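A.B. asks: structure for the following, please:
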Amino acid sequence: MNKSSFRVIFICAALILAAPLILSAQDPQKPVAIVEGQPIFEQDLMSVAGPSLLELGKQEYKAKSDALDKLIRKKIVEAEAKKRGLTADELLKQEVDSKVADPSDEEAKGYYLAVKSQTTLPFDQIKPQVIQHLKASAIQEARDKFVDSLRDKAQVSILLQAPVVHVDYDSARVKGDPGAPVTIVEFADFQCPYCGKVQPTLKTVLAKYQGKVKLAFRDFPLSTIHPHAEMAAEGSRCALEQGKYWEMHDAMFGRTRHGSEGV
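C.D. replies: Numbers count the residues shown, from 1 in each chain. Next comes the predicted model:
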């Protein structure tokens, strides 16, 4: 995504938006299939399996991000160990493990009582295992803190990019400076009372961040629950042709906020 410009997606209804997702594994400019001379692009897949593909993209990014974090921490420890002429394991044992005290009998007994419902064995019989478990947990926690301290001083640049969702909008239905770096894309229903209630907030944002934020509107009529929503959207398009789109937009949402049909 271009660093100088990004978009905020505002969805008034609690529904999943099937918007094009650019996946790193496929060049978005190249088709994934060609049927009778007609190309099918990866972004076209979103119209069929949008929510599941978006979820997969997020899962893939999280898996990569978690793996990257582990590798970064490993590299940091190895770099510090090399400076000291040690192996990574020797460094951790010297700086962490050797400084962690054995848990006391009271601590071991307290832990046993906390998890007593999970075992039928008496404390004296499993005391060595409890102490070993507590010691291992304490060492891991201390190692994590030690690596955190090393990372705070290390030079680390994260270049892994999260999945990017590109949302198209109609440039003819944009309020605010067209060159504003931030675009709020609102998907709304003129008959939806919640969409109507958020309008004052959007106006406040546009006024407060004038020149920095613009608002783009896209129709999202929920015809199954709002019988007049689609007609209202059509009416707004008529107003657009007459150069009165935002006046119509505000008038319909004004009626919605006051309990009318918004048409």
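A.B. asks: contacts, neighbours, all on C-alpha from now
C.D. replies: Fine.
A.B. asks: for the stretch 51-200 of the chain, which spans come out with low pLDDT?
C.D. replies: Segments of the stretch 51-200 of the chain classed as low confidence (criterion: pLDDT under 70) are not present in this model.
A.B. asks: would you map the helices across it?
C.D. replies: When secondary structure is read from DSSP state H, counting those that start in this stretch, the stretch 51-200 of the chain shows helices at 88-95, 105-114, 123-153, 193-208.
A.B. asks: format those as a markdown table; extra columns: distance to Glu241 and mean neighbour count.
C.D. replies: Listed next are the helices of the stretch 51-200 of the chain as a markdown table, based on distance: least, CA to CA, whole Å; neighbours: other CA atoms under 10 Å:
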| stretch | distance to Glu241 | mean neighbour count |
| --- | --- | --- |
| helix 88-95 | 69 | 15 |
| helix 105-114 | 70 | 14 |
| helix 123-153 | 57 | 15 |
| helix 193-208 | 23 | 15 |
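A.B. asks: could you export the ones you listed as TSV, including distance to Ser223?
C.D. replies: Below are the helices of the stretch 51-200 of the chain laid out as TSV (distance: least, CA to CA, whole Å):
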stretch	distance to Ser223
helix 88-95	63
helix 105-114	55
helix 123-153	53
helix 193-208	14
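A.B. asks: do you know which of those lies nearest Tyr169?
C.D. replies: Each of the helices of the stretch 51-200 of the chain was checked against Tyr169 via CA to CA, and the shortest separation belongs to helix 193-208, namely 17.1 Å.
A.B. asks: helices or strands up against the closest one?
C.D. replies: Based on contacts counted as 3 or more CA pairs under 8 Å, 6 or more residues apart in numbering; DSSP states H and E, the elements that helix 193-208 packs against are strand 213-219, helix 245-257.
A.B. asks: most packed of these?
C.D. replies: With neighbours defined by mean count of other CA atoms under 10 Å, none of the helices and strands packed on helix 193-208 is more surrounded on average than strand 213-219, at a mean of 21.
A.B. asks: could you name the helices and strands sitting against that strand?
C.D. replies: On a contact count with 3+ CA pairs under 8 Å, 6+ apart, strand 213-219 meets strand 174-175, strand 182-188, helix 193-208.
A.B. asks: relative to Ala79, which of these is closest?
C.D. replies: Ala79 sits nearest to strand 182-188 of all the helices and strands packed on strand 213-219, at 40.4 Å, using CA to CA.
A.B. asks: neighbouring strands for the closest one, and are they parallel or not?
C.D. replies: Its sheet considered, strand 182-188 pairs with strand 6-11 (parallel), strand 213-219 (parallel) by DSSP bridges.
A.B. asks: on that earlier part again, so which of the helices and strands packed on helix 193-208 gets nearest Leu68?
C.D. replies: For those, distance to Leu68 was read as CA to CA. The smallest value, 33.8 Å, belongs to strand 213-219.
A.B. asks: and for whichever helix or strand comes after the closest one, what's in contact with it?
C.D. replies: Remark: after strand 213-219, the chain's next helix or strand is helix 229-241, criterion DSSP states H and E. The contact list for helix 229-241, computed with CA atoms under 8 Å, 6 or more residues apart in numbering, reads 173, 189-191, 219, 221-223, 245-246, 248-249, 252, 262-263.
A.B. asks: mind doing that once more with 6 Å?
C.D. replies: If you take CA atoms under 6 Å, 6 or more residues apart in numbering as the criterion, helix 229-241 is touched by Phe190, Gln191, Pro221, Ser223, Tyr245, Val263.
A.B. asks: the third one - nearest residue in space that isn't next to it in sequence?
C.D. replies: Pointing back at Pro221 there. The shortest distance from Pro221 to any residue other than its chain neighbours is 4.6 Å, reached at Asp189 (CA to CA, 6 or more residues apart in numbering).
A.B. asks: which residues touch stretch 139-149?
C.D. replies: The contact list for stretch 139-149, computed with CA under 6 Å, 6+ apart, reads Asp97.
A.B. asks: quick one: distance of it to the chain centre.
C.D. replies: Computed by CA atoms, centre = their mean, to the nearest Å, the chain-centroid distance of stretch 139-149 equals 28 Å.
A.B. asks: mean pLDDT lowest for which of the helices and strands packed on helix 193-208?
C.D. replies: Among those, helix 245-257 has the lowest mean pLDDT, at a mean of 89.
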